[in-house]
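**Q** Predicted coordinates and the sequence they were generated for:
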Amino acid sequence: DMPTAQCRMDISKTVIVCTDTWDTCTAFMLTMVKKGDAYTIDDLTGSWFVNALASGPGSPWWERGPVTIRSDGSFTGKIEDYDGTTSNMSGGAGTFSISSDGIINISGVGDDEFRCAMNSAKTVFICTGTWQDGTTEMKIVTRLPPCTYSINPLIKTMKANGGSATVKVTAEGTNCAQPSLSPGEDWISASITKWSKNKGSIKVTAIGNNSSVSRDGSLIIEGNTFTVTQKGQKCTIKGLTPKSFAGPSSGGDYSFAFTVYPEDCAWTATPNVTSTFLHATAGSGEGSGNVDYSIDPNTETKSRSGKI
């Protein structure tokens, strides 16, 4: 029969823990959690701290340490065992799963499987499982305060032809996961090049800007905004067809074609001040095109030249 146990409820009023003894050599612990209305994988994602205790043939045994669970159910952790050893642990996608009513399953960690229940405050889940030798284990997993991240620098100016920059990231918290990256524009990409012990580096790359106008973009790094300012291309004339023309003394109407880069560059076509016999009839525009011009008749015996 169950003895009269001494129990305590947590401050959120969602977890009860009881302890007592059956006899002089048998102790027990009873844990109860209040269930919430609905759960999703987001409630499982984040940083947690595991305390585990075993009873049976494999005891005395315990382990403890921080773990980080990702949205795909994979995890990483650094666990200390009862014998003083510390090991890095990890599991692939689907190691952790949660049902809509808060039941968590842990599989693929060694040969053991565990079934857990999460409280309605979504700050604690309690697991039980049995080893192959009959040893029973209980895990009490508590949510750690969320990690906070900072970045340096906050802004970078890049050349028009593109380039990359390194952003340093520092996290405050326990066993913080790699920061999430969310580029705000399709011309910005980013990747984590290093992450260890709550510190790391991110490579931010901007492709070439095919406009003469500078542009601003952003990359969200775990809630922090990194701003990229990219210069515009210098406007240049890439080609003229024809580059020169020898006209008749009678003058006439003519044109030439040209190519500019980038295509959003504005241009004006103006004869130089000494070329009074030249007239540009299509005197301005944007992008590659044609310039129409006319030449006045030459009534002199001497040839003349001019420029547009």
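**A** In hand now; what should we look at?

**Q** Tell me where the model's unsure across the stretch 1-150 of the chain.
**A** Low-confidence segments of the stretch 1-150 of the chain (pLDDT under 70): 1-3, 24, 109-111.

**Q** residue ranges of the helices in it, please?
**A** Counting by DSSP state H, counting those that start in this stretch, the stretch 1-150 of the chain forms no helices at all.

**Q** Might you report the residue contacts of the residue positioned nearest the centre of the chain?
**A** The C-alpha lying nearest the average C-alpha coordinate of the chain belongs to Leu181 (CA atoms, centre = their mean; 0.6 Å). Under the criterion of CB atoms under 8 Å, 6 or more residues apart in numbering, the contact list for Leu181 reads 190-192, 202, 219-221. For the C-beta atoms, the positions are set from N, CA and C on the backbone; glycine is no exception.

**Q** That one and Glu172, how far apart?
**A** When distances are taken as CB to CB, to the nearest Å, Leu181 and Glu172 turn out to be 19 Å apart.

**Q** Glu63 now?
**A** Applying CB to CB, the value for Glu63 to Glu172 is 25 Å.

**Q** Mind checking which of those two has more residues around it?
**A** More neighbours surround Glu63 than the other of Glu63 and Glu172, with 21 against 12 (other CB atoms under 10 Å).

**Q** Go ahead and confirm that one touches Gly77.
**A** No. Taking contact to mean CB atoms under 8 Å, the distance of 9.9 Å between Glu63 and Gly77 leaves them out of contact.

**Q** Nearest residue to Thr148 in space, please, no chain neighbours.
**A** Using CB to CB, 6 or more residues apart in numbering and skipping the chain neighbours, the partner closest in space to Thr148 is Glu172 (4.8 Å).

**Q** hang on, the earlier thing: any residues in contact with both of Glu63 and Gly77?
**A** Common contacts of Glu63 and Gly77, defined by CB under 8 Å, 6+ apart, comprise Val50.

**Q** Tell me how many other residues surround Cys265.
**A** Number of residues near Cys265 (other CB under 10 Å) recorded here: 20.

**Q** Give me the phi and psi for it.
**A** phi -70, psi 140 (degrees, to the nearest 10).

**Q** quick one: contacts for it?
**A** When contacts are counted by CB under 8 Å, 6+ apart, Cys265 is found next to 212, 235-236, 286-287.

**Q** can you map out the strands along the stretch 51-200 of the chain?
**A** Read by DSSP state E, counting those that start in this stretch, the stretch 51-200 of the chain holds these strands, from start to end of the chain: 61-69, 75-81, 86-91, 96-98, 103-109, 112-118, 124-130, 136-143, 148-152, 155-158, 163-172, 181-183, 188-196, 199-206.

**Q** can you list the residues that contact the second one?
**A** Under the contact criterion CB under 8 Å, 6+ apart, strand 75-81 has outside partners 50, 61-69, 86-91, 95-96, 175, 177.

**Q** out of those, which are buried?
**A** When the contacts of strand 75-81 are checked for burial by 16 or more other CB atoms under 10 Å, the buried set is 50, 61, 63, 65-69, 91, 95-96, 175, 177.

**Q** Closest to Lys168 out of those residues?
**A** Among the buried ones among the contacts of strand 75-81, Ala177 lies closest to Lys168 (CB to CB), at 16.9 Å.

**Q** residue contacts, the residue nearest to Ser191 when sequence neighbours are not counted?
**A** Spatially, and ignoring its direct neighbours in sequence, Ser191 is nearest to Lys203 (5.4 Å; CB to CB, 6+ apart). By CB under 8 Å, 6+ apart, the residues touching Lys203 are 164-166, 190-191, 193.

**Q** again, but for Thr148
**A** When contacts are taken as CB under 8 Å, 6+ apart, Thr148 is in contact with 171-173.

**Q** Would you map the strands across the stretch 201-308 of the chain?
**A** Remark: strands of the stretch 201-308 of the chain, listed N- to C-terminal, are 215-221, 224-230, 236-241, 252-261, 266-268, 278-280, 284-286, 289-295; assignment by DSSP E, counting those that start in this stretch.

**Q** Mind checking those for the one nearest to Asp43?
**A** Nearest to Asp43 among the strands of the stretch 201-308 of the chain is strand 215-221 (22.5 Å), distances taken as CB to CB.
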